[in-house]
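Colleague: Quick one, structure for this:
(2 chains)
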Amino acid sequence: MEQKTLIKLVVGSEAIFFLALLMAFVYFTYVPVLNPRVASSLDLNRTSLFTVMLLSSSVTFWRAEVSFRRGRTKQLRLWLLCTVVLGVVFLVGQGSEYSSLLSRQLTVSKGTFTTSFFTLTGFHGLHVLIGIVVLSIVLYLTFLGDLDDPDSALLPSVGIYWHFVDVVWAVVFVIVYVLPHFLTGHTP
Amino acid sequence: MITDVEIPEPLAPLPGATVNTNQGLLQWISSVDHKQIGIMYLLMTLFYLLVGGLLALLMRVQLMVPTNTFLAPDSYNQLFTMHGTTMIFFVLTPAILGLAVYMVPLQIGANEMAFPRLNAFSFWISFFGGFLLYFSFLAGGAPDAGWFSYAPLNQTQYSASPGIDYYCIGLLLSGIGTVGTAANLVVTIITLRTPSMHYRYLPVFVWMVLIDAFLILAAFPSLNAALVMLLVDRQLDGHFFNTDAGGSALLWQHLFWLFGHPEVYIVVLPPFGVLSEVFQVYSRKPIFGYPFVVGSGIAISLLAFGVWVHHMFATGMGNTVNSFFAVSSMLIGIPTGVKVFNWLGTMYGGSIRFTTGMLFATAFLVEFTIGGLSGISFAIVPIDWQLTDTYYVVAHLHYVFLGGSLFGLFAGFFYWVPKISGRLYSETLGKWFFWLFVIGFNLTFFVQHILGIIGMPRRVYTYPNLAGYSSLNLISSLGAFLMGVSMLLFLYLLYDTLKRGKRAGDNPWDGYTFEWLASSPPQLKNFTLLPPVYSFRPLHDLNHPKIGDYQKPDEEKYGTKDVD
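Modeller: So this is what the prediction gives:
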C-alpha cells in the first residue's frame, strides 16, 4: 500500500517532466507549421516494430503479475525474463536508430528538431534502462524467495513504473513518429 | 470512552538506527530517524542562511555609495545569482522540509516517516547538491545569470564559465531530493496517522505540508526538465534556448516560472501552517475558521499554477494573455487574504502571550500584508511594465520571502525549539533579536520600494549619484548590517539555549497537538500510547477535559461560531 502510493506519486511527478520535454518537442517541430524534415528523417516502419516489442512487454509483465498472485514462481521468472528481454530489444532498436541518425549527421547540435528529439527519446530510453535494471533485480529476488509472499507490494509497485514507461512511449510514438508522417503524407 | 491505541514500531531496526549513540558524527550521518534528519535539514538551512546573508552583505557594501569599486561587475553578478539561488533552494526549501520531516510524524502520532531510508537519501542528495553549487567558485566561477538564469544569458556564449553547469546539476540533485521528501511526506500523512485522526482533525500544519507536498510534486518536474534542457544546450551544444540557432528564450521562462511561481507558495504554505499553530496556542483559542484555513490553502495551491505569466508581462505576450494572468494573479490574493483574517480572528478575543514566536507571527501579519499589496500592484499590467526589473521587485520579493516565509519559520523555530532541544530559550535575547531583525529588515527593504519607483534597476553593480539614490541606498545598507548583527545575536541565542537554557517540560506552551505529548526532546520512539482523537486539538482535550473540544458541536469545534 505505502510502496504503491509512493510509486504513483513519483510517476505522476515524472509524467509532468515528460510533458515538459514533449511540449518543447511540439513547440519546435509543430509550431508554426510542421517541420517536413521530421517525417523524412525518421523511419516509421522500423520504430513501429520496436514499439510493438515495448508495448508487448507490458503484456508479459501483466502475465508475470498473474503468475505472482497465483504463487507460480517458475512462470513468474519466465514472464519477467521475457519482459526484460523485450525491454533490451527496444533499447537495441533505439540504439541502432540513433546510430543511423548520427551517421547522417543528424546530431543533437544540428537544429532544434534534433535537440528536442534526442532529449525526449533519450530520457525515455533512460527510463527504460532504469526499468530493466529494476526488473533484473526483481528477477534476482525471485530466486531469493522475496516474492513467495503474494502480499508483497514489490511487483505491483514496479509494475506501475513499467506500465508508465510504456504509456509514455505510446504518446511519444504517436506525436514524434505517426502524426508527422500522417500529416506530411497528405500535404505534398 | 477513552481507549489508547498502540503506535506500531518496525519490528526489525533499520540500518543506521542500530549504530551506537556514542559514535557521535557517524551516528548522525548514518541516521534514518526523522527527528535527526529534520535537525540536519535545519542546520543546513542555518549554514546557508549565514552564507547567503554574507553574500547579500557584500552586495550592500558595494551599493552603499554611488560609483563604488569594492566589487567588479562580474563578481557582483555572481554574488546576486548565488544569493538568490542559495536563499530559495538551500534555505527556504530545506527549512520547510526540515520542519515538516521533524514535526509531521509527531503531529499525526507516528513514530517514523513512511520511508526512513528515502528520507535520509533525500536529505543527503540535497545537501551535496548545495556543495556542488558552491564548488563552482573553485571550478572557474559561480553562475552569473540570476537565480532564474534567463535565456539566452544562460548559454555558453554569454556565460562561458562552468558556473551555470554547476547550477544545473546542483539544483537537479537537490530537486530530486525535494521531490523524494515530498512524496515521502504525502505517503506518511496518508498512511501513518493514528487511526482516529481523520482528515478533519488533522493539525493545520500537517494540512499545509500535505498540500505543499503535492505542489512540490507538480512544480519541480518543470524545473528539472528546464535544467536538463539547459544542460543539453551547454554540454551537447543543443539549441533549446539558443536564440541564434532557432531556440526559444521564452520556453525557458515558461518552464522556469511554471515551477517558479508555485515555488513561492511552496515556501510559504508550510509557514502558513506554522503560524496557524503559533496563533492558536499563544492566543489560547482554536484557530478561527479551520475549514477556511485549509480550504484557502487548497485554493492557493490550485491557483498557483495559473499565474506564472505575470512574471513575463514585459515579454509582449499580447493583451488577452496578459489580462487573463492579471486577473488570476489578483484572484490568488483572495484566499491569501482569507487566511490573514483567520489569523486576526484567532487573535481577536484571545488571551495573547507575546513570546518571541508570537511576536514574529504578529509581525508577519504586517510585513506579509505589505508584500501582498505590492504583489497585487504587479498584477496590474501597466504598473508591472513600469516597475519590472527595478528595486520595487526586490522590495516586494523580500517582503514575501522574509516577511512571509522567514518570519513564519522564525515563529516556528521559537515555538518548537523547546521541543527540539529540550531547553527553553531566553525571552530577553529572543526579543532583542526580534526587534533588531524587524527594524533591520524594514530599513533595508522598505526604502527599496521608493528606489524602484524612482527608477533604480536591479542587478546592476553600481549607480550614479542621482537625487535620492545615495541616501536611500545608504539606509538600505545600514539596515542590512543591522540584520547581520541580529543574526550574530541569533547564533548566540542558539548557543545560550543549548548551553544554559532551562530544561523545558514536555509541554511548555500548553500546546494542542501531539508533538507536545512526546518527551522534550523526543526519544527515538516518539510514542508508545496515544489517546483517541476527537478534535483538531487532541492534546488540549486530554489536558483540559472540562473545556475540551471533543464535547462541543462542530461549529464551536472549528471556531466558526460568532464570539460575543
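Colleague: In chain A, where is pLDDT below threshold?
Modeller: Residue ranges of chain A with pLDDT under 70: A:185-188.
Colleague: residue ranges for the helices of it, please.
Modeller: A:2-30, A:37-41, A:44-70, A:73-103, A:112-143, A:154-172, A:179-186 (DSSP state H).
Colleague: mind checking which of those helices is nearest residue B:510?
Modeller: With C-beta to C-beta as the measure, helix A:2-30 is the member of the helices of chain A nearest residue B:510 (34.3 Å). Yep, even glycine has a C-beta here, placed from its N, CA and C like the rest.
Colleague: Spatially nearest residue to residue 141 (excluding sequence neighbours)?
Modeller: Just so you know, I chose chain A. What sits nearest to residue A:141 in space, not counting adjacent residues and going by C-beta to C-beta, 6 or more residues apart in numbering or on different chains, is residue A:147, at 6.2 Å.
Colleague: nope, chain B
Modeller: Residue B:141 sits nearest to residue B:161 (C-beta to C-beta, 6+ apart), 3.3 Å away.
Colleague: For residue A:42, give me its contacts.
Modeller: Each residue near residue A:42 by C-beta atoms under 8 Å, 6 or more residues apart in numbering or on different chains is listed here: A:176, A:177, A:180, A:181.
Colleague: redo that, cut-off 6 Å
Modeller: residue A:177 (C-beta atoms under 6 Å, 6 or more residues apart in numbering or on different chains).
Colleague: ok, so what distance separates it from chain B?
Modeller: According to C-beta to the nearest C-beta, to the nearest Å, residue A:42 stands 18 Å off from chain B.
Colleague: And that residue, its phi and psi?
Modeller: phi -100, psi 140 (degrees, to the nearest 10).
Colleague: Same question for residue B:143.
Modeller: Main-chain dihedrals, residue B:143, degrees, to the nearest 10: phi -60, psi 150.
Colleague: residues touching it, list them.
Modeller: So residue B:143 contacts B:81, B:163, B:164, B:167 (C-beta under 6 Å, 6+ apart).
Colleague: From these, list just the buried residues.
Modeller: B:81, B:163, B:164, B:167 (16 or more other C-beta atoms under 10 Å in any protein chain shown).
Colleague: Max pairwise distance over those residues: which two?
Modeller: It's B:81 and B:164 that sit farthest apart of the buried ones among the contacts of residue B:143, by C-beta to C-beta, at 9.0 Å.
Colleague: Write out the residues of chain A neighbouring chain B.
Modeller: Taking C-beta under 6 Å from any C-beta of the partner chain as the measure of proximity, chain A contacts chain B at A:2, A:5-6, A:9-10, A:13, A:16-17, A:20-21, A:108-109, A:112, A:115, A:119.
Colleague: Which one of those sits in the busiest neighbourhood?
Modeller: residue A:115 (29 neighbours; other C-beta atoms under 10 Å in any protein chain shown).
Colleague: shouldn't that residue be in contact with residue B:238?
Modeller: Yes - judged on C-beta atoms under 6 Å, residue A:115 makes contact with residue B:238 at a distance of 3.8 Å.
Colleague: and for the two, which residues touch both?
Modeller: By C-beta under 6 Å, 6+ apart, the residues touching both residue A:115 and residue B:238 are residue A:108.
Colleague: Most widely separated two among the residues of chain A next to chain B?
Modeller: Among those, A:2 and A:109 lie farthest apart (C-beta to C-beta), at 44.4 Å.
Colleague: Contacts only, for residue A:173.
Modeller: residue A:51.
Colleague: what number of residues lie near the closest residue to chain A within the stretch 401-550 of chain B?
Modeller: Nearest residue of the stretch 401-550 of chain B to chain A, counting by C-beta to the nearest C-beta: residue B:526, 18.3 Å away. Using other C-beta under 10 Å, residue B:526 has 23 other residues around it.
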